[in-house]
Structures are given as C-alpha cells and as structure tokens.
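Have a look at this prediction, sequence included:
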Amino acid sequence: MTKPLLVGAVAYTPNVVPIWEGIRDYFADGPVEMDFVLFSNYGRQVDALLDGTVDVAWNTNLAWVRTVLRTQGRCQALAMRDVDLTFQTVFAARAGSGFTDLGDLRGRTVALGSRDSAQAAILPVKYLRAAGLRDGDVTLVRVDSDLGKHGDTGRSELDAIRLVLDEQADAVALGVNTWEVIGRDELMPDALSEFWRSPEYCHCNFTALDTLPDAIRQPWVEHLLAMSWDDPEQRRIMELEGLRRRWVLPELTGYESLFAAVEEQQIPAYW
Amino acid sequence: MSRHIVLDLVERIGTLAAGDQVEVPISAGDADVVARWCERAGHQLVSIEGDRAVVRRGPLPGEATVRAAVPADRWPGTRLWIYTNFDCNLACDYCCARSSPQAPRRELGSDRIRRLVAEGARHGVTEVFLTGGEPFLLLDLDEIVRRCVEWVPTTVLTNGMLFKGRRLRMLRNMPRAGFALQISLDSASAALHDLHRGDGSWRRALAGIRTALEEGFRVRVAATVAGGEAGAEEVAAFHELLDGLGIDRSDQLIRPIAQRGFADDGVMLTVESLIPEVTVTADGVYWHPVAANHDDQLVTRELFPLDQAIDEVRRRFVQYRREADTAARRFTCA
C-alpha cells in the first residue's frame, strides 16, 4: 500500500481534530503512515468503511456490531483503548430513593439516552428485561439528542439526568464515563445516588475489513500499542482521547451482550 | 445551590476545544462544587465572580509537556546566574544592569555565593554564571570561583580589562577545569566596540582575551550588538578574528541588546517571553539576568532557601507556557 492508511473517526467534539492530528503525526515516524477523515455520524463512517473509502473506522460498540452484521462477520477489530475493555452502564436515582436493584423500578419511570446509545439505551433495556421487567412494567422516557453519534457527546445522558433531578423520571441509565465526569454521586451527594451497575462490556474499537493485509495491519497495530503514556506529547493525545494508560488488543467477548441486545430489540443493522 | 450546576458545567465545557474557556452561570453556593468539579475533571477554574464562573477546558499541559518543549540545558533552574557585584570599571551605554564606576557595589559576598551554589546544585543547577558589574573588581573572586567549581561548572563574565598585577595573580589562581571566562568583545575592530564601551576598551579587551588564552583558560567571547550593527561583513570579520585566536566557534557568541537598564532600544523581554534563568543579586532572586535590576522580573526578596525560588520560577514558567498556548489558539488568523 503506497497511500497512507486512512482512518475514519466521527467528529463529536472539537477535540477530535487535535486528537487525530496528534495520532497522524505519531504515525508519521512509524512503519505505516496514516491519515484521517472525519464523519458527522457513525452511519456514514461505516458506509465509508464498507465501500473502501477508509481502511479503518474508529467505531463505537454499536457501529462494530452493525459492521459485523452488514459484512456477515468479514471484518476485524484491531485495537481499542484500555477504558473500552471495562465500560459499564450505571443506573442512578435521586438520593434517598431507596432503590437497591433494577427490580425496584417496576411501575417507575426510567430516563434513557438517545436510542442509538449502547450504554444509555440499548443495553439498559436488556438489563431491565434480564431483571424480569417486561415491556409495560417500566415507563421508558427516551431523550434522543445527538442521534447518529451513538451517545458519544453525552448530551442525551445529561438531558436524561435533568429529568430525574426535575422529578420527571425516577431513575436514569447512563454510561460510566458520564457518571464519572459528573463526579458520580460525590460532588452533589444530596442529588443523585447510584443503585445498580452493569457487568463490564467493550465499547470502541478500530474496525477494518478482513481484506486489510496483515503486512499493514500488524505493524500499524504494533505501533499504536507502542504509544507511551510516559512521553509527554503522546500522553497529551492519549488523555484527549480518554485513555487510562494504553492502547490494547480487543476482547471480542466484551461485545456479546450488545449483539444479544441488538437481536432481542430487533435493532436494524442499517440506518 | 443549583441542582443542575454540574450538568451545566459538563455540557458547556464538553463542547469546547482543549484550552478554550467559557463562562458558566452559577447560583449562590455553587462555587465550591464548581471548584471541586474542575479539579476532579482536569479543567482550570479561571475565576468566579458574582453569578459567573469562567472555566478553561483541560487537559492542561503538565510540567512534563512544557518541559519536553524546552532544551534540557535551558530548563529553568538549570542555569544559575549570580550578580557578584554591580560596580564596574566601564559605563557601557547599553548595560542592562546599569553598572558603572559610580554604581554602588551591592556585593553578595563569598559566603552567600557558596551557599547559593550548594543549594542550587542540590536542586538541579548544573551550571553557574558569575556576572556583574565587573566581577574582577572583587579581590576574592578566585576564592569565589573555586568554591563554585567544587559544585558545578562555572563561568565568569568579564570585560577582560583588569588582568594586571594583583588581579592577574588572582586570575592565575583560578582553576582551569570546570571553569571558563566569557569576555565581552563587540566587534572585530575598535570603532564599534569603543562606541558603546569607551575609547581604548577594545584594545584592552583583546589583550585580556590573549592573556586568558595564554594562561590556559577556556575563553568564550560574547558580542552585544544593536540591530543593524551586525551586518554579514561585520559578523564574518568577528568570527575571523576569533578563529585566528583559536577560539572554538561554539564559544563565539553574538547576542542582541536587550531593552533594559541604560539601553533605550533593543529587544523587548518580558517574563512571558523569556525562558527564565534564575538570577540572584544582593537584593533578591530575579527571572532572568537581563532584568536583575527590574522589579517586574523580581521573583522574591528572599535569597534563601534558593530551592523555593527555583520552584516558584518553574511553576510560573509552566503557567505562562500554558497561557501562551491558549492565547495562540485564540488569536488564530484564519
């Protein structure tokens, strides 16, 4: 391949530009040169991966699942952030609600994030069903902000939290990253309280078709994994992209719960 | 306290590019939560006034990031400048220290210099520069130099005009290893040098350079030139003269006049624009040797413990670099 490896990413924050410029610059000194293209939503990005416009897509977990479904599995996950291995969904309610388990939500109203957010909508519905709550046992209020970005902006989760604080919902489901960024229930202990947390699952990964040559894939992944938290410039990029310390190889078992949820809820593979 | 304040912060800061800042409306009682959220999330609380908080989005470049952008030997606190005294046998018209025969001596003294160098060496100082005034006016300079060289490589900045009699004996007593003389010579011929430094000074400085070389010292020669005075021909002649004396090119320095002290013109230098080089005088610790007489670059009046002053200079330097990065982003032209 004489042209640089082209990576697609979705522009969900202005910081996407310095992140990918930094990663591109890092690869300029590596064994495989790369460049990037920004998309406005994951649908367009996956389309571009499938039609060969980009070689690799920086995908959410839902975009990964849909890529697998649309290619009948003829794709591969190359790498992910360490934080993507241990993603979780948190259910929170107003402090003093007395909720201790998802079963306590029977007859209650639960605020969910945008319907294409795995962490704040798709998986929460699966968790509620697994707790024995059928459709109608719980009133779901969906906040469909920033559709197409799979909940990356966190906007829909913040709006869902507002519904709880304003007493229009009894509980909210949100990603652990948003829970962390609002300070969990520590900054405002009188406002919100976590009462249930999901098992860990996987979130984003670099996705390629299975036609990407090993001679490109292997050195590119090796160079990505060699990015160092101890190098100040590399660390700046890693912090912006939300890594805890390192890039890691993917754990595909971490997507099994989302595959199951997509199937159960009959979420389409296309947009 | 507003129930939504943390959500408002996350939403408003979440749309910013790193380094940008935003005003967030707050209610009475929100200040503590805002401050704790900023600290926890890695953002900078710029100010809280009335019903407005100003927050700058992180991650802010840490000391390691700023440090990576500065050559290791220029990191603040690596070089230590010591003004041994302020009086001088010359009255150069561009002197940034306003030194002259009439200037009060304001001597630091051998004991304080020894303590400064020892404390500095323990806190990361790897090179000491003794300057003035004219250090060779001090009759115990050889003892001062020996004490410094025991800790770190040391350079004395001098006009090279006093290497006679007792002071020549003092020079001969100075160590050759770990020690250098930096002698001022502004041009390859007398006219330009004497214009700023006085008639006959070029000839005597050149003689001083030759004496120092004959005595086996490493000699650096530094020219201080005004804009327009150092044309290509003048620079070439300067190097040719020094090459002929056997002075290595890396020891031939040409630097601009700083707009400080007696100089009306020259390069504008501020704490924000200078990589600091911790500088100690009898009156305090300063940001940089070009402004050792100027309160705008005073760090502290307390000379000891020196490590606290060095830490303060490093802390402020990192802060200025962060703010400069932010300002550069705000004033983009396209």
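Here it is on my side, so go on.

Contacts only, for the residue of the stretch 151-300 of chain B found nearest chain A.
Among the residues of the stretch 151-300 of chain B, B:Ile275 lies nearest to chain A; the distance is 17.0 Å by C-beta to the nearest C-beta. The C-beta positions use only the backbone N, C-alpha and C, and glycine is treated the same way. Residues near B:Ile275 by C-beta atoms under 8 Å, 6 or more residues apart in numbering or on different chains: B:70, B:74, B:76, B:317.

6 Å instead, please
B:Arg74 (C-beta atoms under 6 Å, 6 or more residues apart in numbering or on different chains).

Now for chain B: which strand has the highest residue count?
In chain B, taking DSSP state E as the definition, the longest strand is strand B:218-225.

May I have the strands that pair with that strand, each with its orientation?
The strands beside strand B:218-225 in its sheet (DSSP bridges) come out as strand B:179-184 (parallel), strand B:252-256 (parallel).

what's the model's confidence in stretch B:245-256, averaged?
Average pLDDT, stretch B:245-256: 90.

if we look at the longest strand of chain B, which residues are touching it?
By C-beta under 6 Å, 6+ apart, the surrounding residues in contact with strand B:218-225 are B:180-186, B:209, B:212-213, B:242, B:247, B:251-255, B:257.

one more time with 7 Å, if that's ok
When contacts are defined by C-beta atoms under 7 Å, 6 or more residues apart in numbering or on different chains, strand B:218-225 is touched by residues B:94, B:180-187, B:209, B:212-213, B:238, B:242, B:247, B:251-257.

Just give me how far it sits from the chain centre.
17 Å (C-alpha atoms, centre = their mean, to the nearest Å).

Report the buried residues of it.
For strand B:218-225, the buried set under the neighbour-count rule, 16 or more other C-beta atoms under 10 Å in any protein chain shown, comprises B:218-221, B:223-225.

how about the CA coordinates for that strand, as CSV?
What follows is strand B:218-225, C-alpha atoms only, in CSV (Å, rounded to 0.1, in the frame of the first residue of the first chain):
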residue,chain,number,x,y,z
ARG,B,218,38.8,28.3,28.2
VAL,B,219,37.6,31.6,26.8
ARG,B,220,34.2,32.4,25.3
VAL,B,221,33.8,35.7,23.6
ALA,B,222,30.4,37.4,23.5
ALA,B,223,29.5,40.4,21.3
THR,B,224,26.5,42.5,22.2
VAL,B,225,25.2,44.3,19.1
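
Poorly predicted segments of the chain, please.
You didn't pick a chain, so chain A it is. A:1-2, A:271 (pLDDT under 70).

You answered for a different chain; I wanted chain B.
In the predicted model, chain B carries pLDDT under 70 at residues B:226-230, B:257-272, B:325-334.

And the helices in it?
Listed in chain order, the helices of chain B (DSSP state H) span residues B:5-14, B:31-41, B:63-68, B:110-122, B:141-149, B:165-172, B:190-197, B:201-214, B:232-244, B:306-330.

which other residues reach the fifth one?
Spelled out, that is helix B:141-149. Helix B:141-149 has contacts (C-beta under 7 Å, 6+ apart) with B:84, B:110, B:113-114, B:117, B:128, B:130, B:135, B:154, B:156, B:170, B:173-175, B:178-179.

And the residue of the stretch 101-250 of chain B closest to chain A?
Closest point on the stretch 101-250 of chain B to chain A, by C-beta to the nearest C-beta, is B:Gly124, at 18.1 Å.

Near chain B, which residues of the stretch 51-200 of chain A are found?
Counting by C-beta under 7 Å from any C-beta of the partner chain, the stretch 51-200 of chain A comes close to chain B at A:153-155, A:158, A:161-162, A:165, A:181-183, A:187-188, A:191.

Relative to A:Ile122, how far out is B:Val219?
Between B:Val219 and A:Ile122 the computed distance is 75 Å (C-beta to C-beta, to the nearest Å).

now do B:Arg172
Distance from B:Arg172 to A:Ile122, by C-beta to C-beta: 85 Å.

same check, this time on A:Asp152
A:Asp152 sits 14 Å away from A:Ile122, going by C-beta to C-beta.

Domain map for the chain?
Answering for chain A, as no chain was given. Here the domain assignment for chain A is A:5-84+A:202-264, A:88-197, based on automatic domain parsing.

not quite, I wanted chain B
Using automatic domain parsing, chain B is parsed into the domains B:5-58, B:70-305.

does the first one come close to chain A?
What it means is domain B:5-58. Yes - Domain B:5-58 lies within reach of chain A by C-beta under 7 Å from any C-beta, at B:6-7, B:10-11, B:14, B:16-18, B:33, B:36-37, B:40-41.

Surely A:Ala9 forms part of a strand?
Yes - A:Ala9 forms part of a strand when assessed by DSSP: H, G, I helix; E, B strand; the rest coil.

Who are the contact partners of it?
Taking C-beta under 7 Å, 6+ apart, we find A:Ala9 in contact with A:16, A:20, A:36, A:38, A:58.

Can you classify the third one as helix, strand or coil?
Meaning A:Phe36. Under three-state DSSP, A:Phe36 comes out as strand.

what's the distance between the nearest residue to it once chain neighbours are set aside and chain B?
Excluding the flanking residues, the one nearest A:Phe36 by C-beta to C-beta, 6 or more residues apart in numbering or on different chains is A:Trp20, at 4.3 Å. Here the distance between A:Trp20 and chain B works out to 13 Å (C-beta to the nearest C-beta, to the nearest Å).

wait, A:Trp20 sits on A:Asp35?
No - if you go by C-beta atoms under 7 Å, A:Trp20 and A:Asp35 don't touch, sitting 8.9 Å apart.

The two - which one has more neighbours?
Using other C-beta atoms under 10 Å in any protein chain shown as the criterion, A:Trp20 and A:Asp35 rank with A:Trp20 on top: 23 against 15.

chain center to the helix or strand hosting the more buried one, what's the gap?
Using DSSP states H and E, A:Trp20 sits in helix A:16-28. Relative to its chain's centre, helix A:16-28 lies at 20 Å (C-alpha atoms, centre = their mean).

can you pull the buried residues of it?
Neighbour count says helix A:16-28 has A:16, A:18-20, A:22-23, A:26-27 buried, by 16+ other C-beta under 10 Å.

just checking, what packs against it?
Judged by 3 or more C-beta pairs under 7 Å, 6 or more residues apart in numbering or on different chains; DSSP states H and E, the packing partners of helix A:16-28 are strand A:34-39, helix A:232-240.

Contacts for it, please.
Under C-beta under 7 Å, 6+ apart, the answer for helix A:16-28 is A:9, A:33-36, A:38, A:223, A:227, A:234, A:236-237, A:240-241, B:18.

Also stretch A:38-48?
For stretch A:38-48, contacts defined as C-beta under 7 Å, 6+ apart pick out A:8-11, A:16, A:54, A:57, A:59-60, A:63, A:66-67, A:148-150, A:271.

Show me which positions of that stretch end up buried.
So for stretch A:38-48, counting by 16+ other C-beta under 10 Å, buried means A:39, A:41-43, A:45-48.

ok so, going back, looking at the contacts of helix B:141-149, which one is closest to B:Arg301?
Using C-beta to C-beta, B:Ile113 is the member of the contacts of helix B:141-149 that lies nearest B:Arg301, at 17.5 Å.

That closest one touches B:Ile82, doesn't it?
Yes - between B:Ile113 and B:Ile82 there is a contact under C-beta under 7 Å: 5.8 Å.
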